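S.K.: give me coordinates for this.
(one chain, ligands or ions: 1)
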Amino acid sequence: MNRALSDTLPAGNDAELGASTGAGRPLAIQAQGLVKRFEGTLAVDGVDIAVPEGAIFGILGPNGAGKTTTLRMLLGIIEPDSGTRTLLGHRRPADVARAVGYLPEERGLYPSMKAFEAIAFMGALRGLPLAQGRRRGRALLEENGLGHAADRQIRQLSKGMAQTVQLLGTLVHEPRLVVLDEPFSGLDAINQGKLERLIRRLAANGTTVIFSTHVIAHAERLCEEIAIIAGGKVPFAGGVDEARDRIPAQVRLETRRGEGSWRAALPADTEHDTKADGTHLWSFDLPDGGPEPLLRKLIEGEAGILSLSIERAGLHDAFVEIAGEAAARALEVDEQVKASE
Ligand SMILES: Nc1ncnc2c1ncn2[C@@H]1O[C@H](COP(=O)(O)OP(=O)(O)OP(=O)(O)O)[C@@H](O)[C@H]1O
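M.R.: Numbers count the residues shown, from 1 in each chain. Alright, predicted model coming up:
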C-alpha cells in the first residue's frame with residue numbers, strides 16, 4: 001500500500017488501493033458483475049466497467065439500456081443486488097463523496113436561489129465552505145460566459161442556462177471524478193459545444209469524467225474509451241478505436257487495368273464496375289494484413305492505380321455490429337427526436 005495513503009486510512013478501512021488497467025494506468029472506477037433488478041425488471045445484468053484515471057469515458061446506449069442505474073450503483077445512490085465496485089480506490093462510495101461531482105439525469109435547483117448561491121450550495125453539500133463556494137461560483141459563471149447571470153434567480157434563467165449552473169455546481173468543489181448523466185440533453189448546439197470543451201479542459205487537468213449518452217457523436221468526439229450498453233448488458237468496453245476496428249475498413253480503388261496477378265490480393269466478394277472510359281472501380285473490405293501488402297501487390301502487378309481511399313468504420317457502424325440493429329435504431333430515433341426538439 002502507498003505509504004502516504006496508508007497513513008491516512010483508519011485501521012480496518014476496506015479501501016482497495018492500487019487497482020489499475022493491464023497497462024498499469026490506475027483506475028478511477030472499477031466495477032465487476034453489477035446486477036440490479038427492479039420489481040421484475042432486470043435493469044442491469046452483469047456490467048463490468050474499468051475507467052482509467054484522467055480519462056473521458058462514455059457510457060453509450062439507447063433509452064432504458066441501464067445507463068442511469070449503472071451510474072447510480074457506481075456512486076452508491078442505489079446498492080447493486082450483486083457485483084462489486086471501487087471508486088477512487090474505495091469500496092464504499094460515501095468515503096470519497098467529497099472527491100466526486102455528480103450531475104443527475106433529473107435537473108433541479110431551488111428556483112429562488114441566485115445562480116452563484118446555487119453553485120455554492122451544491123459545493124457545500126460536498127464539503128466546500130460556503131464563502132469559498134460563492135467566490136468560485138462567481139468565477140465559474142464568469143469563465144463560462146454566464147457572469148451576467150450570477151445574481152439572477154434560477155427561475156429567471158433559461159432551461160439551458162440553469163442546466164449549466166447545475167453543472168458548474170457539480171464542479172465547484174474541484175472533484176477528482178465527475179459523473180454526468182446525459183449532460184448534453186436539453187442543451188442547444190452551441191452549449192453542447194461549450195460543454196464538450198469544458199469536459200476536455202477537465203480531463204486535461206487530470207479530472208476523470210464519465211458521462212452517459214444516447215448520442216453516438218458525443219461519445220465518438222470526446223471519448224478515448226467507451227462502454228456500449230444495451231438491455232442491461234455491456235457487450236463492449238474499451239477504446240473507441242478498438243470498437244471501430246471490429247469492422248474492416250472499406251477500400252475504394254480505381255485502376256487503369258482490369259486483370260493481372262494483383263487481382264489475387266482483392267477479396268473474393270470485391271464489388272467491381274467498369275466505367276465508360278474503360279477504367280475500373282473496386283470496393284472491398286481492407287484485407288487482414290492492412291494496406292501495405294495490398295499496395296505492394298497492386299504496384300508490383302502494375303494495376304495502374306488511379307486512386308485509392310481507405311475509410312475506417314465510424315462508431316455508429318461499430319455500434320450496430322456490437323449491439324445489434326435494434327439497439328442502433330433506438331439510438332437513431334433518439335437522435336431524430338433530439339434534432340426535432
Ligand atoms: N426505480 C425504478 N423502478 C423500476 N424500474 C426502473 C427503475 N429505474 C429504472 N428502471 C428500469 O430499468 C431499466 C433501465 O433504466 P435506466 O434508467 O437505467 O436506463 P437508461 O439507459 O438510463 O435510460 P434513459 O436514457 O432513458 O435514461 C428500464 O427498463 C427502466 O424502466
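S.K.: show me where pLDDT drops low in the stretch 101-250 of the chain?
M.R.: For the stretch 101-250 of the chain, no stretch is flagged by pLDDT under 70.
S.K.: what residues does it put near the ligand?
M.R.: Proximity of the stretch 101-250 of the chain to the ligand is confined to 105, 214 under the rule CB under 6 Å from any ligand atom. Every residue, glycine included, has its C-beta placed from N, CA and C.
S.K.: 8 Å instead, please
M.R.: 105, 181-182, 212, 214, 229, 232 (CB under 8 Å from any ligand atom).
S.K.: now the buried members of the residues you listed.
M.R.: 181-182, 212, 214, 229, 232 (16 or more other CB atoms under 10 Å).
S.K.: which pair in the residues you listed spans the largest distance?
M.R.: 182 and 232 (17.3 Å; CB to CB).
S.K.: per the record, what domains does this protein have?
M.R.: 3-244, 250-311 (automatic domain parsing).
S.K.: among these, which is the most enclosed?
M.R.: domain 3-244 (a mean of 18; mean count of other CB atoms under 10 Å).
S.K.: now find how far off-centre that one is within its chain.
M.R.: 11 Å (CA atoms, centre = their mean, to the nearest Å).
S.K.: sec struct for the residue positioned nearest the centre of the chain, please.
M.R.: Centroid-nearest residue in the chain: residue 58, 1.5 Å away (criterion: CA atoms, centre = their mean). The assignment at residue 58 comes out as strand when based on DSSP: H, G, I helix; E, B strand; the rest coil.
S.K.: equivalent analysis for the one 4 residues further on, please.
M.R.: Secondary structure for residue 62, judged by three-state DSSP, is coil.
S.K.: is it true that it touches residue 212?
M.R.: No. Using CB atoms under 8 Å, residue 62 is not in contact with residue 212, being 11.2 Å away.
S.K.: before we move on, the earlier item: dump the domains of the chain to a markdown table, plus distance to residue 318.
M.R.: A markdown table is the format used below for these (distance: least, CB to CB, whole Å):
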| stretch | distance to residue 318 |
| --- | --- |
| domain 3-244 | 4 |
| domain 250-311 | 13 |
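S.K.: compare those domains and give me the one nearest residue 326.
M.R.: domain 3-244 (8.3 Å).
S.K.: can you give me the helices in the chain?
M.R.: Remark: helices assigned in the chain by DSSP state H are 3-8, 67-75, 115-125, 130-143, 159-171, 189-204, 216-222, 240-244, 291-300, 315-323, 325-340.
S.K.: before we move on, back to that, so which of the domains of the chain is nearest residue 331?
M.R.: Nearest to residue 331, of those and by CB to CB, is domain 3-244 at 5.1 Å.
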